[in-house]
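> The sequence isn't on hand, but the structure is:
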């Protein structure tokens with residue numbers, strides 16, 4: 001009896017400690033506690049982290065340079081090469097692929113035809129040296145895998161012989177970079193404009209809201225068509241990259257600005273704001289140190305949710321030829337290849353980047369929805 005009573009008392013103490021920890025936890029801890037309970041959001045977060053890291057370390061994780069300098073001229077529109085461990089010639093401890101040979105003959109009207117030579121194996125090698133790349137300000141030439149002879153293409157090649165596997169991971173990095181720059185620009189503009197409009201109100205709020213409504217009514221596609229017409233043809237790919245990022249940021253701030261404005265309009269008359277004003281605090285200090293921190297969780301959620309829309313915008317613009325172009329590797333640039341009838345009928349492996357694009361957007365959506373529910377203080381009472 002004594003042991004049972006002791007155990008029950010211990011369980012009660014544990015429950016009491018857990019409750020105290022919950023009620024004394026900070027806002028970030030509460031959001032993380034609620035977020036962990038959502039399986040879809042956690043899976044989406046894991047996939048998203050994997051994709052982000054894959055994009056950052058794309059040079060190391062991929063075997064070849066994704067630009068025109070890294071193409072395989074002898075294997076254009078080549079099918080994916082799936083590593084094997086055995087075939088009719090026997091078993092191998094090292095994964096291998098077959099050698100593809102290109103020939104011309106009168107039977108094919110002297111066109112190049114690729115044939116598989118099953119007697120010639122190309123063995124995969126790991127941590128091999130290859131194309132030089134720069135990462136974190138240092139130069140490397142080590143790649144996680146490659147082939148002992150010739151090249152290996154896990155996702156196949158496109159019409160110019162460029163490795164689709166390498167291009168896909170570099171495209172993820174580019175699209176995320178465009179989205180990050182665009183979101184940061186929109187974030188800063190939204191906090192400044194929404195904060196001023198919500199704190200001061202009156203005629204200043206009216207003017208800023210007219211500007212916000214005007215920006216919201218600007219159609220994105222005609223805007224980019226006009227800008228594309230004025231961008232010089234000789235501008236570098238990096239220049240076009242930053243132009244697209246900046247424009248996406250300048251047209252993406254109104255939604256968050258309206259939410260910040262609405263929150264500050266309701267909070268600016270609270271007692272803690274009046275106390276800060278009586279202490280001589282400046283409006284910038286009150287907005288930055290008192291009003292916006294009470295809205296932090298919703299700002300973070302809005303930023304996460306904005307990422308897939310930025311990525312979608314870049315992809316859509318590049319897809320229709322108004323955004324990034326070759327030799328830049330982005331998901332939108334790669335999706336241009338799948339619009340050709342010849343690719344749809346004969347080279348379906350060009351759709352592999354589409355799968356990564358869908359997974360990336362869905363991961364952002366699941367994480368954003370999870371954070372939105374986790375940041376809602378009334379989420380538990382709604383169930």
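Arrived safely, thanks for sending. Because the structure is a prediction, the values reported are computed rather than measured. Residues are numbered from 1 along each chain as shown.

> pLDDT below threshold where in the stretch 51-200 of the chain?
Low-confidence segments of the stretch 51-200 of the chain, defined by pLDDT under 70, span residues 102-114.

> Any figure for the gap between residue 163 and residue 330?
Distance of residue 163 to residue 330, computed by C-beta to C-beta, to the nearest Å: 16 Å. No exception for glycine: its C-beta is placed from N, CA and C like everyone else's.

> neighbour-wise, which of the two wins?
The neighbour count for residue 163 versus residue 330, taken as other C-beta atoms under 10 Å, is higher for residue 330 (30 against 25).

> these two touch, right, the more buried one and residue 177?
No - between residue 330 and residue 177 no contact is recorded; they are 9.1 Å apart, counting by C-beta atoms under 8 Å.

> for the longest helix along the chain, the distance to its chain's centre please.
In the chain, assigned by DSSP state H, the helix with the most residues is helix 164-200. The gap between where helix 164-200 is centred and where its chain is centred comes out at 10 Å by C-alpha atoms, centre = their mean, to the nearest Å.

> same thing with stretch 342-360?
Here the centre of mass of C-alpha atoms in stretch 342-360, compared against the chain's by C-alpha atoms, centre = their mean, lies 18 Å away.

> so residue 265 sits right up against residue 201, yeah?
Yes - with the criterion set as C-beta under 8 Å, residue 265 and residue 201 qualify as a contacting pair; they are 6.6 Å apart.

> tell me the domain ranges of this protein?
Annotated domains of the chain cover 81-152, 168-378 [automatic domain parsing].

> could I get the ones you listed as JSON lines with distance to residue 40?
Formatted as JSON lines, the entries for the domains of the chain read as follows, by distance: least, C-beta to C-beta, whole Å:
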{"stretch": "domain 81-152", "distance to residue 40": "30"}
{"stretch": "domain 168-378", "distance to residue 40": "5"}
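
> in this protein, which spans are strands?
When assigned using DSSP state E, the strands of the chain occupy the ranges 84-87, 90-103, 113-135, 138-147.

> Please convert these to a markdown table, extending it with distance to residue 246.
Formatted as a markdown table, the entries for the strands of the chain read as follows, by distance: least, C-beta to C-beta, whole Å:
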| stretch | distance to residue 246 |
| --- | --- |
| strand 84-87 | 48 |
| strand 90-103 | 43 |
| strand 113-135 | 24 |
| strand 138-147 | 29 |
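
> Surely residue 337 is in contact with residue 157?
No - under the contact definition of C-beta under 8 Å, residue 337 does not touch residue 157, with a separation of 11.1 Å.

> Among the domains of the chain, show me which one is buried the most.
A comparison of the domains of the chain by mean neighbour count, using mean count of other C-beta atoms under 10 Å, puts domain 168-378 on top with a mean of 18.
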